[in-house]
Every structure is written in C-alpha cells, then in structure tokens.
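Undergrad: I'd like to go over a predicted model; first the sequence, then the structure.
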Amino acid sequence: MSEPTRRPDGRQKSGGAIPGLLKGLATTAKTLGRPSHTAEYPDAPPHLPPRSRGVIALTEENCTSCMLCARECPDWCIYIDSHKETIPSPTPGGRERQRNVLDRFAIDFSLCMYCGICIEVCPFDALHWSPEFEYSELDIRDLLHEKGRLGQWMATVPPPAALDPGSAEAGEIAAANKPARVPRAAAAPATSRPAAASRVARERPARPEAPGNIPPDSVSTEPLPTAQNPPTTGSPGTKSEEGEA
Ligand code: SF4
Ligand code: SF4
C-alpha cells in the first residue's frame, strides 16, 4: 500500500483527482466570460508607450564625431569613422578652421543592450530613441545599421514630451517668452492719445505756473535778484504787494 503524498512542509495533500478536476473546471467557468488579454500580434499591433526603447535614430547633421557615445558604450557596438576638413574663415582675414566630417556611424543591434547611455551622453542631441521595434532579421549581420538606416529611423521618433509646468526649465522658457513690460503711455494705441489729451485739457485747467502757460505780457523783464542786486520786497519769484496795488 502506497503512502499518502505529502507537501514539502510535511502536511498531507487533501483531496484527490475528482476535487482537483472540479476545482479546475470551476476556474475555467469563472474566466470563460472574461475578455482575453492576449494581443494577437502581428494582426493587432501592441500599444507601446511613446518613449519605448525600440531602436536608436541618428541626426547626422548634429553629430560632430566627438566619439563620446562610442567610448561610453558598454558593449562597444558603436563604430565611428571621420576625417578632418579645413574650412575657410567666415570673416575676411580670419584664421582657417578645421571640423570633423562623419564618414561612418554604425550601431550593431545584435550586441546593443538598449541601456541608452549613448543617447544620454551625446552633447549634441544627435541620438534619439524610436519606439520602432520591428527590424528583426534572418541574418544577424543585417542588424548592423549604418548611418543611412539610422537616419531613416528619425521619422519614427516622437516629439519630446511637454515639460512639467513646475520645473525650472519650464519657468525659464516662460520668462523668456514673456513680452517685455512697456510704459502705459507707450502701450496705449496712437489713435486714443489725442482724445485722452483733449479730455484732460477740458477737465483740468492749465497750470499758470507752467512756463508754457504764462502769457508773454505777464512775464517780468526785471533782472533776477542776485547778491549785488537784492530784492526790494517779497521773495524772489513772487509778486510784490506794491506792484499789485
Ligand atoms: S544603447 Fe547602450 S549598448 Fe546600445 S549602443 Fe547605446 S550605449 Fe551601446
Ligand atoms: S556623442 Fe553624439 S556627437 Fe558625439 S559622436 Fe556620438 S552621436 Fe556624434
């Protein structure tokens, strides 16, 4: 006679074949009406997040052949060739300059582990993640993408996500886009200024002490009082009582 089966913890297993079968049928009946979670790829494409790491795209114009990405790549799967080119000075009499011209840029996706370090370290935004993932090949050597193919992936790179409104960068951009403050008088429309000026003139009488508002016949021709010519009556700039009388 065989001994009853025991669990690893020493407890004896309960039930037999019939209860187990019933339990399995109950689970089947319970999940029978639920919708399926299986994506029928490739008929139904998967809904991936927009920033998924599918393939690396290259903007060739931004690349300066600085080799930072190739040096930081932990798999050594980035290959860059370049040569130097002399370009004339943009200003007359200036010194000639040299710049790197990219001859080859390739990534071997059979070695790449999609860590994203190359994209992070690139100081010129030449590398970007694309969510495109359907580039499997029958021959592993075809997973070496040269710069032409890496450039084609740029069409599948989504636009950058919007900045968090509370971030420092968003505040800097908002401050840079804010229109400069102009004085109210300068900001008022040109057509409204004469009307406003005439309304002010109607409501407020002209100040007689203003130099432009003093009639010419009321201007005194006497010399201004000085130390050699002290005022006789009153204080400088005021009418004397004798004159009024
Ligand atoms: S993602 Fe990582 S492994 Fe792949 S090329 Fe860039 S640095 Fe190298
Ligand atoms: S780090 Fe950027 S700019 Fe420098 S070689 Fe790599 S892709 Fe080009």
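TA: The structure has been received and is ready for your questions. Ligands and ions are numbered 1, 2, ... in the order given.
Undergrad: Any residues of this protein in contact with ligand 2? List them.
TA: 63-69, 80, 121-122, 124, 126-127 (CB under 6 Å from any ligand atom). No exception for glycine: its C-beta is placed from N, CA and C like everyone else's.
Undergrad: Assign Pro19 to helix, strand or coil.
TA: Put simply, Pro19 is helix when judged by DSSP: H, G, I helix; E, B strand; the rest coil.
Undergrad: how close does it sit to His145?
TA: Taking CB to CB, to the nearest Å as the measure, Pro19 falls 57 Å from His145.
Undergrad: next one: Glu169
TA: Counting by CB to CB, the gap between Glu169 and His145 amounts to 32 Å.
Undergrad: ok, these two, which is more surrounded?
TA: Just comparing Glu169 and His145: by other CB atoms under 10 Å the higher neighbour count belongs to His145, 22 against 9.
Undergrad: of all the residues of the chain next to ligand 2, which comes closest to Ile173?
TA: Phe124 (20.3 Å; CB to CB).
Undergrad: wouldn't that closest one be in contact with Cys63 here?
TA: Yes: between Phe124 and Cys63 there is a contact under CB atoms under 8 Å: 6.7 Å.
Undergrad: who has more neighbours, those two?
TA: Counted by other CB under 10 Å, Phe124 and Cys63 do not tie: Cys63 has more neighbours, with 21 against 12.
Undergrad: what sits against the more buried one?
TA: By CB atoms under 8 Å, 6 or more residues apart in numbering, the residues touching Cys63 are 102, 105, 124, 126.
Undergrad: Just flag the most distant two among the residues you listed.
TA: Within these, Phe105 and Phe124 form the most distant pair, 12.6 Å apart (CB to CB).
Undergrad: Where does pLDDT dip in this structure?
TA: Along the chain, segments meeting pLDDT under 70 span 1-15, 180-245.
Undergrad: change it to 80
TA: 1-16, 36-37, 178-245 (pLDDT under 80).
Undergrad: ok, which stretches of it are helices?
TA: 17-32, 68-72, 117-121, 147-152, 168-177, 184-187, 192-203, 241-244 (DSSP state H).
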